[in-house]
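Chemist: here are the coordinates; sequence isn't available:
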Ligand SMILES: Nc1cc(-c2ccc3ccn(Cc4ccc(CN5CCCCC5)cc4)c3c2)n[nH]1
């Protein structure tokens with residue numbers, strides 16, 4: 001998978017050099033490049049923003065640097081086109097389902113805005129030439145798009161084959177699709193007066209699986225009853241319904 005990230009704070013994306021994503025990059029599983037948008041400015045101050053048309057608070061990112069960035073990274077680089085992801089508080093909510101959709105794409109490009117966002121014409125112009133999705137990681141307003149890109153990049157790249165060493169972790173997620181995960185424990189068996197639930201030390205895999213399913217249902221009913229509403233009724237067995 002090829003990923004390009006365009007930002008005025010490339011150092012904000014330094015965590016992408018670490019851990020499993022860093023290892024996947026070094027192994028050639030991810031071709032990830034972070035670009036400084038100021039590379040496509042030409043004034044002495046490398047300015048990337050302007051006063052909002054029609055007035056209002058803050059500043060807006062001007063279109064010219066973004067246009068020249070797209071020229072160099074996309075239009076002048078060949079026929080292929082990325083899926084452009086523009087993070088925004090007003091975007092489509094990013095979910096695990098979105099992560100799976102994006103993990104299947106060959107080329108993603110993230111546009112990290114700052115200030116009050118990017119001139120809308122950049123999004124409209126790009127959408128005439130490639131798939132563009134405005135995406136939000138939650139109903140709160142960040143200073144800019146970089147944190148959202150870090151979150152999305154982690155969620156997507158852990159689904160790319162070979163990136164997450166122990167593929168079993170992904171299987172569990174698919175098993176409990178739609179529910180929150182059950183609580184996890186590791187040794188010691190007793191810690192500051194708190195014990196590991198005995199069933200998990202019983203060696204009875206059937207009982208353990210059943211206990212984890214029950215816990216996932218109870219946790220979901222408590223923290224995210226909305227997810228239960230959306231569950232396919234066929235995925236709940238008779239016992240599940242009794243909980
Ligand atoms: N999930 C999520 C993604 C982002 C995100 C992503 C990208 C950028 C680029 C800039 N900002 C900051 C910003 C954006 C918009 C406003 C204007 N808006 C007016 C009406 C009320 C809400 C705010 C203010 C500041 C960004 C914020 N935040 N949260």
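Modeler: Right, received. Where do you want to start? Bear in mind the structure is a predicted one, so any value in this text is a computation, not a measurement.
Chemist: Within the sheet, what are the partner strands of the longest strand along the chain, with directions?
Modeler: If you go by DSSP state E, the chain has its longest strand at strand 83-93. Paired with strand 83-93 in the same sheet, following DSSP bridges, are strand 107-111 (parallel), strand 132-136 (parallel).
Chemist: tell me the mean pLDDT over that strand?
Modeler: Across strand 83-93, pLDDT averages out at 98.
Chemist: Which secondary structure element of this structure has the lowest mean pLDDT?
Modeler: Within the chain, confidence by mean pLDDT, DSSP states H and E is lowest for helix 168-175 among all helices and strands, at a mean of 62.
Chemist: after the longest strand of the chain comes which helix or strand?
Modeler: helix 96-103 (DSSP states H and E).
Chemist: And that following helix, what's buried?
Modeler: Using 16 or more other CB atoms under 10 Å as the test for burial, helix 96-103 gives 98-99, 102-103. Any C-beta I mention is one placed from the backbone N, CA and C, and that applies to glycine too.
Chemist: going on from the least confident helix or strand of the chain, what's the next piece of helix or strand?
Modeler: Counting by DSSP H and E, the next helix or strand C-terminal to helix 168-175 is strand 190-191.
Chemist: if we look at that next one, which residues are touching it?
Modeler: By CB atoms under 8 Å, 6 or more residues apart in numbering, the residues outside strand 190-191 that reach it are residue 196.
Chemist: Stretch 98-116 and the ligand in contact?
Modeler: Yes: using CB under 6 Å from any ligand atom, we find that stretch 98-116 touches the ligand at 113-116.
Chemist: Quote the end-to-end distance of that stretch.
Modeler: 25 Å (CA to CA, to the nearest Å).
Chemist: Please work out the average pLDDT along it.
Modeler: Stretch 98-116 comes out at a mean pLDDT of 98.
Chemist: How about the residues of the chain by the ligand?
Modeler: So the chain meets the ligand at 87-89, 113-117, 136-138, 140-145, 148 (CB under 6 Å from any ligand atom).
Chemist: Test my guess that residue 214 contacts residue 236.
Modeler: No: contact criterion CB atoms under 8 Å: residue 214 and residue 236 do not qualify, at 11.9 Å.
Chemist: for this protein, which residue is closest to the average position?
Modeler: What sits nearest the mean C-alpha location of the chain, by CA atoms, centre = their mean, is residue 152, with 1.5 Å.
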